[in-house]
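K.L.:
Sequence below, structure please.
(chains A and B)
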Number of protein chains: 2
Amino acid sequence: MSTEQLESHDVIVVGASLAGLSAALYVARQGFDVLVIGMDLGGQATLATEVENYPGIPRTSGLSLVDKIRSQVERFGGQITYEEVTSVEKLNSGFKVKTNMFSYHTKALVLAVGKSPRKLKVKGEEEFKGRGVSYCTVCDAPFFKDKVVAVVGVGDEANESAIYLSKLVKKAYYILPTENVVGQSNIVSQVKSNETIVLLLNSEVREIRGKDRVSSIVVYDKSKKELRELEVEAIFIEMGYELRTSFLSNLVKLNEKGEIVIDKLARTSCEGIFAAGDVTDVPYKQMIIAAGFGAIAGLSACNYLLTLKGKGIIFSDWKKL
Amino acid sequence: MSTEQLESHDVIVVGASLAGLSAALYVARQGFDVLVIGMDLGGQATLATEVENYPGIPRTSGLSLVDKIRSQVERFGGQITYEEVTSVEKLNSGFKVKTNMFSYHTKALVLAVGKSPRKLKVKGEEEFKGRGVSYCTVCDAPFFKDKVVAVVGVGDEANESAIYLSKLVKKAYYILPTENVVGQSNIVSQVKSNETIVLLLNSEVREIRGKDRVSSIVVYDKSKKELRELEVEAIFIEMGYELRTSFLSNLVKLNEKGEIVIDKLARTSCEGIFAAGDVTDVPYKQMIIAAGFGAIAGLSACNYLLTLKGKGIIFSDWKKL
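P.N.:
The predicted model follows:
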């Protein structure tokens, strides 16, 4: 199939995340034709119920923020379609983007596929999501002040989650599959000496139970080989994030975490491909930073298109990452 | 004078620009003690009367945006003081920041001094600022639709300003000191072929006149050696920007434009010093990018402080720029 038969856009943004929408806003406002392809509008950002650190907006929710940016994208003529990108192929001229439904051609790509929390994959997890099952301790801990909760995971993020919870809750069961707490030594010792944290080592969560909301979890002790039911009002699942970048690994350089390596102009290792947001190796996962780097990626994509027309200035040298 | 006698802060942000305030918001919210030292609140951002491309805020003004961020900084306990920083000195431990009034000590610095438009330095310029004298074509051109205006400057920015104006105004005098239009060839030819643009080569603006607002300018033709008075309702001064970075040149690496070189974590070439906003070598001067990189600089400063306490993760290697 030749590229001429494909629906073509100046810029395709993969991922309707906050970073992706911000990129599209900038591309559309510069007068280029842009299509955002994503499965869910807003991604991770929509999970944040209360946002107080987005400069310029004293208080909002992730959902409201995302919806405002969507309306800005559309006002400037950007299009959004809800499909799943399954592959990206480099052509002689531009790229071919395949989704579960169609194929598209584009001259420049912005990758903003975000990340999604790794699931526990046990009974009750989907059912009680947002009703006691949380993937964001910092977001949801304040709802369980003086309650009994559980946290499950392993490593620094789970350790920090347990410490964070211990300042608020009455008791925090910390369920780990390992024989000891692992992570940075100073944080491990804080976990071990914390009286609010009850360590359940060598253990696995097998089920989450409840009626309307979480009321208990079933934990299996691998050394004792026995099941226990613990009454908790919430379970914080801190098992890290999954990046949907494996389908891009032939195209752009990823770091050891699977994050896309970018420079400060949001350029990836592949000419014509830019990236922004949680999927990149910028270590701070904050909405304002996703929005800022989204804007950078959008403007860089526009500059790249101008370069192709012999008009750009800054992309005479595609720096090798 | 020993550092113990100086007022000390965990982080000092030099510059109350949008980037500086965003950095301070993040530092303060992380629980560190932060002082912003600046001469004018908001800097360049406050000149923008209509902002429609800040993701999440469909329509605002630069002034309103800056005031909201200031209130967020203060809500989280950040302090702002209006002084002029005159020097920054690296000490054995941290930095000494001298202002026109006091001296301070800090462990980490965020440089966000912004930029200021270069002045024409003629009679009437200060008097009619904001009343026909503009330093931002994109911001103010819409106010002079179908009017006669002037633009002064040389090079790509002035050329683009003239082209931009020509789409809106009745006539645009373009006053250049050079014998020809200089800049990128495709843009130069657009300027030359544009019927709305009246080129006044080899010429200088000598005075700006008016009563309440600009009504004319006095232009000197260097080849004919004569003065002319031209009736205009506005003069757009597009002579580039001045960066107040010379006092930092011994401390951090600057590029050929005098901009502070940073990496994507907002680190400068000097350990413990971060930078964000228009003063850096990030080429896109946009509010959302200033806010995003401000947040990065703030979080990086916090991480640096944690590193000093042996708790940080990401700054074990201060990458050399």
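K.L.:
the helices in the stretch 1-150 of chain A, which residues?
P.N.:
Shown for the stretch 1-150 of chain A, the helices assigned by DSSP state H, counting those that start in this stretch span residues A:18-29, A:62-75, A:137-140.
K.L.:
list the helices and strands the second one packs on?
P.N.:
Right, the one you point to is helix A:62-75. For helix A:62-75, the packing partners by 3 or more CB pairs under 8 Å, 6 or more residues apart in numbering or on different chains; DSSP states H and E come out as helix A:18-29, strand A:79-82, helix A:287-308. All C-beta spots, glycine's among them, are computed from the backbone N, C-alpha and C.
K.L.:
and what of the first one?
P.N.:
Helix A:18-29 is packed against strand A:7-14, strand A:34-38, helix A:62-75, strand A:103-111, helix A:287-308, with contacts defined by 3+ CB pairs under 8 Å, 6+ apart.
K.L.:
Include mean pLDDT and mean neighbour count when you put the ones you listed into TSV, please.
P.N.:
Listed next are those as TSV, based on pLDDT from 0 to 100; neighbours: other CB atoms under 10 Å in any protein chain shown:
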stretch	mean pLDDT	mean neighbour count
strand A:7-14	97	24
strand A:34-38	96	26
helix A:62-75	95	20
strand A:103-111	97	25
helix A:287-308	93	27
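K.L.:
and the helices of the stretch 1-150 of chain A as TSV, adding distance to B:Phe76?
P.N.:
Below are the helices of the stretch 1-150 of chain A laid out as TSV (distance: least, CB to CB, whole Å):
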stretch	distance to B:Phe76
helix A:18-29	22
helix A:62-75	19
helix A:137-140	15
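K.L.:
Relative to B:Arg244, which of those is closest?
P.N.:
For those, the distance to B:Arg244 is smallest for helix A:18-29, at 28.0 Å, taking CB to CB.
K.L.:
now the closest one and strand A:7-14, what's the angle there?
P.N.:
Helix A:18-29 and strand A:7-14 meet at an angle of 140 degrees, taking axes from the mean of the first three to the mean of the last three CA atoms, to 10 degrees as the criterion.
K.L.:
Which one of the residues in chain A is closest to chain B?
P.N.:
A:Gly292 (1.5 Å; CB to the nearest CB).
K.L.:
In this structure that residue contacts B:Met287, no?
P.N.:
No - A:Gly292 lies out of contact with B:Met287 (CB atoms under 8 Å); the separation is 9.4 Å.
K.L.:
just to revisit the earlier point, can you list the helices and strands packed on helix A:18-29 in TSV and add distance to A:Gly210?
P.N.:
Below are those laid out as TSV (distance: least, CB to CB, whole Å):
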stretch	distance to A:Gly210
strand A:7-14	37
strand A:34-38	32
helix A:62-75	25
strand A:103-111	38
helix A:287-308	31
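K.L.:
Endpoint to endpoint, stretch A:175-194 covers what distance?
P.N.:
15 Å (CA to CA, to the nearest Å).
K.L.:
quick one: average confidence on it?
P.N.:
Average pLDDT, stretch A:175-194: 91.
K.L.:
could you check whether it is close to chain B?
P.N.:
Yes - against chain B, stretch A:175-194 shows contacts by CB under 8 Å from any CB of the partner chain at A:184, A:186.
K.L.:
any residue of stretch A:254-263 up close to chain B?
P.N.:
Yes - looking at stretch A:254-263 against chain B by CB under 8 Å from any CB, the contacts come from A:262-263.
K.L.:
what's in contact with that stretch?
P.N.:
By CB atoms under 8 Å, 6 or more residues apart in numbering or on different chains, the residues outside stretch A:254-263 that reach it are A:111, A:243, A:245-246, A:248, A:252-253, A:268-269, A:274-276, A:279-282, A:293, A:319, A:321, B:264.
K.L.:
Same question for that stretch: list its buried residues.
P.N.:
Buried residues in stretch A:254-263, counted by 16 or more other CB atoms under 10 Å in any protein chain shown: A:254, A:258-263.
K.L.:
Out of those residues, which two are the most distant from each other?
P.N.:
Pairwise distances across the buried residues of stretch A:254-263 peak at 18.2 Å for A:Gly258 and A:Asp263 (criterion: CB to CB).
K.L.:
ok, which residues in the stretch 1-150 of chain A are in contact with chain B?
P.N.:
A:18, A:21-22, A:25-26, A:29, A:52-58, A:60, A:65, A:68-69, A:71-72, A:75.
K.L.:
Low-confidence stretches in the stretch 1-150 of chain A?
P.N.:
By pLDDT under 70, the weakly predicted segments of the stretch 1-150 of chain A are A:1-4, A:138-139.
K.L.:
How about A:Asn81, nearest residue that isn't a chain neighbour?
P.N.:
Residue A:81: Thr, not Asn. Spatial nearest neighbour of A:Thr81, excluding adjacent residues (CB to CB, 6 or more residues apart in numbering or on different chains): A:Ile37 at 5.5 Å.
K.L.:
Many thanks, I have nothing further to ask.
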